[in-house]
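Undergrad: Fold the following for me, if possible:
(chains A and B)
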Amino acid sequence: MKNRKITYAKALNEALHSQMSRDKKMVVYGIEDKMFGSNEGLLKKFGEKRFFYTPLSEDMLTGFSLGLAISGVRSVFNHIRVDFLLLGMNQIANMISSYSYASNGKKPLPLVIRAVIGRGWGQGYQHSKSLQSIFAHIPGLKVIMPTTPYDAKGMLLSALEDNNPVICLEHRWLYWQEGYVPKKYYKIPFGKANILRKGKDITIISTSWMNVEACQAADFLKNYGISCEVVDVRSITPLDKKTLIRSVKKTKRCIVADYDWLFCGFSAEVSDLIYANVGKALKAPIQRIGFAPTPCPTSRYLENQFYPNAKDIINIISKTFKRKINTSKVDLYSHEKVFKGPF
Amino acid sequence: MNKKFFISLLKKIIIIRKSEEIISDYYHENEMKTPMHMSKGEELVVAGAVVTFSKKVDFFGYYRSHALYLSVTEDLKSFFGEMYGKEIGENKGVAGSMHIFNPQKNIKIVSAIVSSTIAPAVGNAYGNLIIKNNRITVSFFGDGATEEGVFWESLNFASLKKIPIIFICLNNKIAVDVLINERQCYKINEVVKKFNLKTFQIISHDVKEVCKTYHDAYVHIKKYGGPVFIEANYYRQLQHIGMQTDFDKKLSSFEKKDYRSFKQHKFYLKKDPYLLIKNFVLKNKMIKLSAIINFENQLKSKLFKIIQVVKQSKFSKFSNISKNIYYEK
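TA: Numbers count the residues shown, from 1 in each chain, chains lettered A, B, ... in the order given. Model (predicted):
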């Protein structure tokens, strides 16, 4: 059954159906019913008491998930844009994250917040953030960013059985990507990075959509005799430090391609980790790649310069290896060419 | 509401009052290093709810948490352990005066961020509907919390979904140092009514009336479902923080407040919950004065011993409490 290919959205949908059937108390809510198809059929199958639409009260509804968890009911709170989750930041940073610590680890706090991140279609500066560094900065939260459909199902199922608050960040473009997903129930534990491409010359440590770009860069550079290892972090907290360090110890070169801003960001955290553990064995300085240090512009022309892509990765790597590789005429996959909105 | 009921209420109010007096006696030693948010004045409206609802509800508190914690648990050692920040404290020293709680003892959560426990209380109440355990949730907060957006969001959602929760707004008409008429353009109870739910108003001047209203609110939910709202008015006898009244002689110019009048202060001291409940049980011949005095004396010596034990006890190991960032069972 290795050829069972479904989309990322369908994979998430399978996880939700599976867990809601198993956990008869679990509820799912938010203002967005579909979440790009990942919530398909839940209302019909589980009824409006367990799957419901809400007022636009993000602050209240984030605290609501904490209360549900206190009562012993697990919930999934959906956000069609991570930017709106900031309205619930008080509950996340002041209440949810510290609950276990304050109560001395007495009670589980099972809740999942799903949020769509990243580039869409002229989304601009209030509809396109990622924010993993902000959530991961706060002790007490788990932050995951599944990239493949296989991970989407397995990691969401893990989140739905975790006894701690989990923030699941899903890139908008990933929902249409297809990949192998088993029909059966399976879980992918947090804190395990995934090697998407094996290589020996340089490691590209990536998050979310940057994995797609990194894999394209790796496949392209293979033709030039440069072997790239692409490591998908997928679990920001807890972080699989071992796999990251092991890969760079092998390749001795490293690029961190985080789908976020660089300053005070996750890429800086990873760079520090690599430097502290690989240090003098490095053959080239660690490089970081991420959003331009500005709010995100709306216009396509400007947006193209805001977001890094495979070509940027290729250019950095060719410089590292002192190779002249002209990418100006290379046509690589861009989801923007396929994506026609409206979101 | 019988004799047993009011004696239980009397004991709880005495426990709160005497515990806070002990805090006052020892605070100057600077060993209780936690910003004390005293409950003096709110004992009746808080303990009254605890006795009326007994074990049939889940409590969500706020940062002025001494009265709620002590009236629900009566656990003096865990309380003072927490005030001294020691391992035997309820939260092993990570919480202090503003955050003391224990979900397993039915104080589900409290918070120092104004209004932040209201939405979790609504969530808990909805969870109870899913679990079908017939429990009602009680959410305590102050008048200042109604100035936060999340209060109105919670009210809307609870009323919309007919969620069984009792909102109790402990209205002392002052938020830190700012009076209510300088902060609110509305009358709380009147606006809340517009959210299509049953509302009640009480004032902490009449023991029986307070408890009867709480009882009626509970009965209302049992009969009709949905949320109810109670505006429970009381007088905060001390300043927002610390052990001083606004009129203490020893106040520095920094500590002097002129937001409330001395005349008003004297009026409300006559309505002090501690006096009210004592007069009530004595007048109704539920207990003899000598028995009250006896109870208080025993309590005082018990408190004295507890303070000595707590002071001698050890602090938590940082490495141990750090393990509690996540639930790991």
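
Undergrad: who are the neighbours in contact with the nearest residue to B:T73 once chain neighbours are set aside?
TA: Closest residue to B:T73 apart from its sequence neighbours, by Cβ to Cβ, 6 or more residues apart in numbering or on different chains: B:K105 at 5.1 Å. Where C-beta positions appear, they are placed from N, C-alpha and C, glycine not excepted. By Cβ atoms under 8 Å, 6 or more residues apart in numbering or on different chains, the residues touching B:K105 are B:72-73, B:75.

Undergrad: Make JSON lines from the residues you listed and add distance to B:S8, neighbour count and secondary structure to it.
TA: Output for the contacts of B:K105, formatted as JSON lines (distance: Cβ to Cβ, whole Å; neighbours: other Cβ atoms under 10 Å in any protein chain shown; DSSP: H, G, I helix; E, B strand; the rest coil):
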{"residue": "B:V72", "distance to B:S8": "12", "neighbour count": "21", "secondary structure": "helix"}
{"residue": "B:T73", "distance to B:S8": "14", "neighbour count": "19", "secondary structure": "helix"}
{"residue": "B:D75", "distance to B:S8": "16", "neighbour count": "16", "secondary structure": "coil"}
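
Undergrad: Break chain A down into its structural domains.
TA: Using automatic domain parsing, the domain ranges for chain A come out as A:5-180, A:194-324.

Undergrad: highest average neighbour count across those domains?
TA: Across those, averaging neighbours per residue (mean count of other Cβ atoms under 10 Å in any protein chain shown) puts domain A:5-180 on top, at a mean of 21.

Undergrad: Just the endpoints, please. Distance across that one?
TA: Domain A:5-180 has an end-to-end distance of 5 Å (criterion: Cα to Cα, to the nearest Å).

Undergrad: how about the strands in chain B?
TA: Here chain B has its strands, by DSSP state E, at B:57-60, B:107-109, B:136-142, B:165-171, B:174-175, B:178-179, B:198-203, B:228-233.

Undergrad: Tabulate the ones you listed (a markdown table), appending mean neighbour count and distance to chain A.
TA: A markdown table is the format used below for the strands of chain B (neighbours: other Cβ atoms under 10 Å in any protein chain shown; distance: least, Cβ to the nearest Cβ, whole Å):
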| stretch | mean neighbour count | distance to chain A |
| --- | --- | --- |
| strand B:57-60 | 27 | 8 |
| strand B:107-109 | 25 | 5 |
| strand B:136-142 | 26 | 8 |
| strand B:165-171 | 26 | 10 |
| strand B:174-175 | 20 | 17 |
| strand B:178-179 | 12 | 21 |
| strand B:198-203 | 18 | 20 |
| strand B:228-233 | 22 | 16 |
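
Undergrad: What pLDDT is listed against the residue of the stretch 1-150 of chain B found nearest chain A?
TA: The nearest approach of the stretch 1-150 of chain B to chain A comes at B:G123, 2.2 Å away (Cβ to the nearest Cβ). B:G123 carries a pLDDT value of 98.

Undergrad: Next, work out how far apart the residue lying closest to it once chain neighbours are set aside and A:P295 are.
TA: Take B:G123 and drop its neighbours on the chain: the residue closest to it by Cβ to Cβ, 6+ apart is A:G67, 2.2 Å away. Plainly put, A:G67 is 34 Å away from A:P295 if you go by Cβ to Cβ, to the nearest Å.

Undergrad: just B:Y268 next, same as before
TA: Distance from B:Y268 to A:P295, by Cβ to Cβ: 52 Å.

Undergrad: for B:K271, same thing?
TA: Taking Cβ to Cβ, one finds B:K271 at 56 Å from A:P295.

Undergrad: One more: A:H137?
TA: In this view, A:H137 and A:P295 are 20 Å apart by Cβ to Cβ.

Undergrad: average pLDDT for the host helix or strand of the residue nearest to B:G123?
TA: Using DSSP states H and E, A:G67 sits within helix A:58-71. Averaging pLDDT along helix A:58-71 yields 98.

Undergrad: Same check on stretch A:211-230?
TA: 96.

Undergrad: try stretch B:299-313
TA: 97.

Undergrad: Off-centre distance for that stretch?
TA: Remark: stretch B:299-313 is offset 23 Å from the chain centroid, using Cα atoms, centre = their mean, to the nearest Å.
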